[in-house]
Structure formats: structure tokens, C-alpha cells
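J.: generate coordinates for the sequence data below:
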Amino acid sequence: MKNVLNWFSDDELFYIDEDTEPVYEDPDETRKYTITLAYKYSGKMIIEGKYYKNGLPDRYEEFAKTMISILEQYGSMEMLDPSLYKRVKKAPQYYTYYGVTFDGSKKIYHYLSGEVTLQKGDMVLVPAGKFDQISMAQVEPVKIYRDDEVPYPVSRTKQVIKKCTPEEVEYFTMLSENIRKKKKNR
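T.: Okay, the predicted model is just below:
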């Protein structure tokens, strides 16, 4: 080990650039490291940080490769695994889900909306059912979710087509009433 550390000076191996761009830090993240250098004549140096790309010393990759060649026979090499120490922490993505109900029903269906901002009570046009029939619905709850907490997978969530104009509300209301009357007369 002594010879390995002689290949790297303290300044090279254990320098951490404090001026890197800020990254999202997950408060639940538990991967941290501590490196303790014990010097023969001048005490010791302790370096601590988070175990991801911007939190490691500059020459960590070179150090890790050297250590792997020495330590492979001892089992788990997690601390030297490039897939862990090279990852960059990404900030979570947020999605606004609009819960909608159809024609007075209490069942809520979730939709995303591209650029339109909607509020509870807004009337919207959405694709509904197996064949994506354009239907009018009322926005109920509006909730923002992190990408890992969404109520329905983003890739399978349908999009609100648009907020209804007063004329569209009138038309779809009349259409809905006509359908109800036909069903009642059967």
C-alpha cells in the first residue's frame, strides 16, 4: 500500500474541486466515504465526501484502478466500482398530474398537460377510453409528483388536449344530455 500511495502526491490524489456546479443532493443518500492518510512524521489527514462523481477527489479513478488490481482477491469492490463513483446525481423531475372526472362521476383519471396550466374546476378535452374518444372532463385534484412517485407511469399517461372554450362546454354538455335521454328512453 505504501508504494501505491507513493505514485500519487497528496495534492494530486486528494484534491476536491470546490468550484464544480451544484448538484442535487438526496438527503436519504447514505453513500459517503472517509479517507484517512497517516503520515510517518506529520500526523494524519482525513478527507470525507459523498460517493458520486462531483464529491470524489480528482484522481480517484486512477487510484481505484490501482487498488482494484491489488484488492481483487478480498471480495466486494463496491467502493472502487466506476458505475458508482462516476455517476452524476440528477435532480428529480417533477410532473403535474391533473385528476379529471367525466360527467359527474366520482372516479378520477390522471392526465398530464403539456404547456397548459389548469386549475380545479376547469373543463378540458381529453382522449378517453380504449379508442381515445375525445371527451369533456372536469379537472379535480391538481398534484405535483416527483418522477419516482407518479400515480401512473409517465410514458402511459394520456395528455389533456386543451382547455374547453365556453362554446365547447355548451356543445359537449348538450351532447351528454342527449345521450342520457336516449339511454333513459330505451
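
J.: H110 falls within a strand, correct?
T.: Yes - membership of H110 in a strand is supported by DSSP: H, G, I helix; E, B strand; the rest coil.

J.: measure V126 to P92 for me?
T.: 26 Å (CB to CB, to the nearest Å). For glycine as for every other residue, the C-beta is placed from the backbone atoms N, C-alpha and C.

J.: name the residues that touch the strand or helix carrying S176?
T.: S176 is located in helix 166-184, with elements delineated by DSSP states H and E. Helix 166-184 has contacts (CB atoms under 8 Å, 6 or more residues apart in numbering) with 103, 123, 125, 135-136, 164.

J.: now do 6 Å
T.: 103, 123, 136 (CB atoms under 6 Å, 6 or more residues apart in numbering).

J.: report how many residues lie close to the nearest residue to the last one once chain neighbours are set aside.
T.: I take that to be M136. The spatial neighbour of M136 that comes closest, neighbours along the chain excluded (CB to CB, 6 or more residues apart in numbering), is F172 at 3.7 Å. For F172, the neighbour count with other CB atoms under 10 Å is 18.

J.: ok, now the one 4 residues further on?
T.: Applying other CB under 10 Å, we find 15 other residues in the vicinity of S176.

J.: so for the lengthiest strand in the chain, what gets flagged as buried?
T.: As assigned by DSSP state E, the longest strand anywhere in the chain is strand 133-146. By 16 or more other CB atoms under 10 Å, the buried positions in strand 133-146 come out as 135-139, 145.

J.: tell me the one of those nearest T157?
T.: If you rank the buried residues of strand 133-146 by distance to T157 using CB to CB, Y145 comes first, at 10.7 Å.

J.: what sits closest to that closest one if chain neighbours are left out?
T.: Counting by CB to CB, 6+ apart, the residue nearest Y145 is Y95, at 5.6 Å.
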